[in-house]
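Enquirer: I'll drop the sequence and a predicted model, then ask my questions.
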Amino acid sequence: MNFKTIILSLAAVIGMATPTFAKNKAVRNTDNNVSSDTEQVAEHDINVYGSGYTDGDRFEGLTRKVGFDRMIPPHALEVAFNKTTHVIFPSEIVYVDLGDENLVAGLADGAKNVLRVKSAVKSFKSETNLTVITDDGCFFTFNVKFAKEPLLLNIEMTDFIHDGEAVNRPNNGQEIYLERLGQESPMLVKLIMKSIYKQNRREIKHIGSKRFGVQFILKSIYTNNGLLYFHTELKNTSNIAFDIDYISFKIVDKKVVKRTAMQEQVLEPLRAQNYVTVVNGKKSERTVFALEKFTIPDDKLLVIEVAEKEGGRNQSFVVENGDIVRANVIDELSIQ
C-alpha cells in the first residue's frame, strides 16, 4: 500500500467518524448544570429534526434550548359558552393573561381572588392558555379547551407551600417577586407572619391602651430583610361587639401642636395576617402587620390607632424609635 492510499484510507475513516462524534456531542453535555432530562430532550430533538439539528439552529448566536425540567406544568381547564367556570385562588389576583380572543375572563363581583372564565364564542377547536399571578407571589398557568359540558365548573387552587397530594388539592404555583415587597419573597413574608401569629409571644409589655372595656396592645416587633412586623392584640372585655373601622400607623410630632396633614406621615401596611373587622364581646383577636422598614427621629413618635365604627371606644398607643430599633430578628420559623 503506497503513501497516497494510506492518506485516502485515513481520510475515509475520519469522515465516517465525524458524524458519530458530532451526534454524540449534540446529545451528551459535559456541563454540570444541565440535567439528564435536558440531554434526553436534546436526543429527542435530534430524532425529530434529524442528525443535522443542533441546539442553536433556530436562534442566532449561541443558544441553549430550555428543557422540560424548566417548565411549569399547566393545569387543564375546560370552558363553555353557556356556563361560567369559576377558579378560586389563594389570594388577590393582580395579573391575568388570556391566550386569545376565544376566552373572556373577569373578577367576580366583590371577590378579588375569584376569576370567572368562559368561552367568547359558541365553540372553538384550537387549544389556548390562561395565566394568573396572585398578590402572594404565586404563578398559575392553564391550558384551556372548549367543552359543551365542562367536568369542573368550580375549581380551588392553593399556594405551593401546601403539598397538593397530602391535602388532596391542586398545586402548581410558582413564586413571583412583587415590587412592593422589595427584595423579600412574598411567600416568605406569609410564612413569617404565620409564624409570629402561631408562636404568640408577648415580648413587649409596656405599650398599650385600655379604656371602656377594650384593650389594645403591642405584643412584639420583628424585622427581616427590609420589613418590620408588628404583632398587635385587641381584647374586648365588654358585652358589646367592637366593630373595627380602621387601624392606622402614623408618624407624628412629639410636641402637642395642632395636627395638620403636613404634620402626619401615614404608613400603609403591606400585608396583614388575621385582619378582622369585628371583635365580639368577651373575645380577643390578634393581627400581624408587615410594613416597610423605617426609623423615626427622636422628636417624633409612631402612633398606632384602632377606631371603632360608629362608636367612641377608639384606642391608640405610641411607639418610640428605641422600641423599633430593638426589634427582634427572625431566626427561625414554626409553621404547620
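Expert: Arrived safely.
Enquirer: contacts and neighbour counts: CA atoms only from here.
Expert: Fine.
Enquirer: How about the contacts made by the nearest residue to Tyr95 once chain neighbours are set aside?
Expert: Among residues not flanking Tyr95 along the chain, Ile133 sits closest, at 5.0 Å (CA to CA, 6 or more residues apart in numbering). Residues counted as contacts of Ile133 (CA atoms under 8 Å, 6 or more residues apart in numbering) are 93-96, 139-140, 176.
Enquirer: 7 Å - rerun?
Expert: Ile133 makes contact with 93-96, 139-140, according to CA atoms under 7 Å, 6 or more residues apart in numbering.
Enquirer: That one bridge partners, please.
Expert: Tyr95, Phe139 (DSSP bridges).
Enquirer: Which helix or which strand is home to the residue nearest to Thr84 when sequence neighbours are not counted?
Expert: Nearest non-adjacent residue to Thr84, counting by CA to CA, 6+ apart: Lys118, 5.2 Å away. Secondary structure from DSSP states H and E places Lys118 in strand 114-119.
Enquirer: model confidence over that strand, on average?
Expert: In this model, strand 114-119 has an average pLDDT of 94.
Enquirer: what's that strand packed up against?
Expert: Where contact means 3 or more CA pairs under 7 Å, 6 or more residues apart in numbering; DSSP states H and E, strand 114-119 is packed against strand 75-79, strand 85-88, strand 103-107.
Enquirer: Now do the contacts for the residue lying closest to Thr295 once chain neighbours are set aside.
Expert: Among residues not flanking Thr295 along the chain, Asn321 sits closest, at 6.2 Å (CA to CA, 6+ apart). Going by CA under 7 Å, 6+ apart, Asn321 touches 295-298.
Enquirer: Quickly run through the sheet partners of the helix or strand hosting Ile155, with directions.
Expert: In the assignment (DSSP H and E), Ile155 maps to strand 154-156. Strand 154-156 pairs in its sheet with strand 85-88 (parallel), by DSSP bridges.
Enquirer: remind me which residues of the chain are low pLDDT?
Expert: For the chain, applying pLDDT under 70 flags the ranges 1-61, 63, 159-183, 256-262, 332-336.
Enquirer: count of residues packed around Phe139?
Expert: As a burial measure, Phe139 scores 19 neighbours (other CA atoms under 10 Å).
Enquirer: sorry, that was for Gly208
Expert: Gly208: 20 neighbours (other CA under 10 Å).
Enquirer: Now do it against Leu234, distance only.
Expert: Distance check for Gly208 against Leu234: by CA to CA, to the nearest Å, it reads 10 Å.
Enquirer: shared neighbours, the two?
Expert: Common neighbours of Gly208 and Leu234 (CA under 7 Å, 6+ apart) are 216-217.
Enquirer: Please parse this protein into its domains.
Expert: 3-69, 75-176, 188-329 (automatic domain parsing).
Enquirer: quick revisit: quick check: can you name the pairing partners of the strand holding Lys118 and their directions?
Expert: When DSSP bridges is applied, strand 114-119 pairs with strand 85-88 (antiparallel), strand 103-107 (antiparallel).
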